[in-house]
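# Quick one: sequence and predicted model below, then my questions.
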Amino acid sequence: MGDVLLALSIPVLVFGGGIYAACDCWWRRRHPAPPSPYTHRAARLAEQDMLLLAEEIVDDAYAAFGPLYEAPAAPAAPGPDGPPAALSSRSPRPSRPASTPDRAPSPPAAVQKP
């Protein structure tokens with residue numbers, strides 16, 4: 001008899017758990033919880049922490065690599081013989097034009113006739 005009760009108790013527990021879950025679902029649909037203000041506050045705090053961390057990373061990178069982007073020092077004056085032959089054979093690189101301060105679109109290119 002004990003084995004029969006044990007075997008029958010499992011379906012009863014499963015059925016009871018299903019009824020409890022259905023009633024709980026129905027109750028939560030009828031009585032939703034108000035939104036928690038802590039979730040929005042936690043998101044804002046996490047965003048502030050992330051921005052501070054990103055700012056720190058950028059500042060560290062600028063401190064480490066900033067000297068690489070500074071203008072190069074003036075070249076040393078050539079000696080009485082002029083610049084070395086290896087350097088004088090190269091043509092100087094054309095300098096890039098300064099970027100425009102405004103973000104206005106450039107005028108369209110002229111149409112070339114064939």
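Cool, got the structure.
# just for the chain, where's the confidence low?
For the chain, the stretches with pLDDT under 70 are 72-103.
# could you pull out the helices for it?
2-30, 37-69, 85-88 (DSSP state H).
# Output those in a markdown table; the columns should cover distance to A109 and mean neighbour count.
Just so you know, the C-beta spots here come from the backbone N, C-alpha and C atoms, and that holds for glycine as well. As requested, these are exported to a markdown table (distance: least, CB to CB, whole Å; neighbours: other CB atoms under 10 Å):
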| stretch | distance to A109 | mean neighbour count |
| --- | --- | --- |
| helix 2-30 | 64 | 9 |
| helix 37-69 | 31 | 10 |
| helix 85-88 | 36 | 9 |
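# right, so of those, which gets closest to P108?
Shortest separation from P108 across these is recorded for helix 37-69, at 32.9 Å, computed as CB to CB.
# With respect to P107, which of the helices of the chain lies nearest?
Across the helices of the chain, closest to P107 is helix 37-69 (CB to CB), at 30.6 Å.
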